[in-house]
Each structure stands twice: as C-alpha cells, then as structure tokens.
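> below is the sequence, then the predicted model.
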Amino acid sequence: MRKAFRLSKHHAYLIRWGVRALYAGHRSRHHGCQARKDGHVNSIDLHGRTAVVTGAARGIGYGIAQRLLASGATVCLWDMDHSGVTAAAQACTSLGKVHTAVVNVTDPAAVDAGTQATLAACGRIDILVNNAGISGPNL
C-alpha cells in the first residue's frame, strides 16, 4: 500500500504564498533577500579579496568578473585569447582593479606562469572561478 504524501504546514504555507504572489504578478514578501529589496544585487563584501576567473574574455566568465568587481574584489582575468582578455580588462577598469594573464588552462606550464603572474601582481588568490571550457565535435 502506498503512503499518501503530506505537506507540512510550513511547506503548504510557502506554496500558498508563492502561488498568490505568482498570480498577483509580484514577489511575495516571504521570498528574496534584504539586499534585493534595497536594490542591491551584490550583498557580499569582497573588498581586499583577489579572484581569478578563467575564460573571462567573454560570456559567463566576463559576467562573473563584472559581479566580482562590483562586490569589491580585485579580479585577474585569465583567457587564452590575448586581444579578448585585453578588451575585457579595458571595459572593466571602471568597476575596480583588474589584471590580466593570457593562460591556456589545458597547459600546466601556462597555468603555473599565470599563477605566478597573478601572485606577483596581487599578492594572493582568495577566489578561483574555473569557467574556461572546451567544445568541439570530438567531445
């Protein structure tokens, strides 16, 4: 015999409020964080932290780098495309401290050189975002 699935009172309450908010066209007062309510998207203070973002010349990596900079972090952009990472750094300089390194993450020697360059420029690495990826017909 199958057991009937029962929602707890708390889950039923959340579902009820979520559905009401959905139909009302706005978020319920029970959802979201205070930072979003105040109009701030970034609620984490990263001042004094150094982040490395791989694959940062464009796309998701570039977006992550912008968010980290907006949160106050010093960001080192790693990408194998020299012109792309340079253009990304120039676009981000108004947001905070940006450093670049041309690194192909599939080459261990290039990763070591990029790490040493980042440590020389920033002193330490606190955050690592492994965003670089590969694609192609053989994958």
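That came through, no problem. Only a predicted model underlies this, so the values are computations on that prediction, with no experimental measurement involved. Residues are numbered from 1 along each chain as shown.

> ok, which stretches of the protein are helices?
In the chain, the helices defined using DSSP state H lie at 9-24, 34-37, 59-70, 82-92, 108-122.

> comparing those, which yields the minimum mean pLDDT?
For those, the stretch scoring lowest in mean pLDDT is helix 9-24; its value is a mean of 48.

> domain-wise, how is the protein divided?
If the domains of the chain are taken from automatic domain parsing, they occupy 8-40, 50-129, with pieces of a single domain joined by a plus sign.

> including distance to residue 135 and mean neighbour count, could these go into CSV?
Just so you know, the C-beta spots here come from the backbone N, C-alpha and C atoms, and that holds for glycine as well. As requested, the domains of the chain are exported to CSV (distance: least, Cβ to Cβ, whole Å; neighbours: other Cβ atoms under 10 Å):
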stretch, distance to residue 135, mean neighbour count
domain 8-40, 33, 11
domain 50-129, 11, 18
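
> between the two ends of stretch 44-55, how far is it?
Start to finish, the residues bounding stretch 44-55 are 23 Å apart (Cα to Cα, to the nearest Å).

> pLDDT of that stretch, averaged?
Per-residue pLDDT over stretch 44-55 has a mean of 94.

> identify all contacting residues around it.
With Cβ atoms under 8 Å, 6 or more residues apart in numbering as the contact definition, stretch 44-55 has outside contacts at 61, 64-65, 68, 71-79, 103, 105, 118, 122-133.

> cutoff 7 Å now
Contacting residues not belonging to stretch 44-55 are listed as 61, 64-65, 68, 71-79, 105, 118, 122, 124-133 [Cβ atoms under 7 Å, 6 or more residues apart in numbering].

> again, but for stretch 76-87
Counting by Cβ under 7 Å, 6+ apart, stretch 76-87 makes contact with 50, 52-58, 65, 88-89, 98-104, 114, 118, 121-122, all of which sit outside it.
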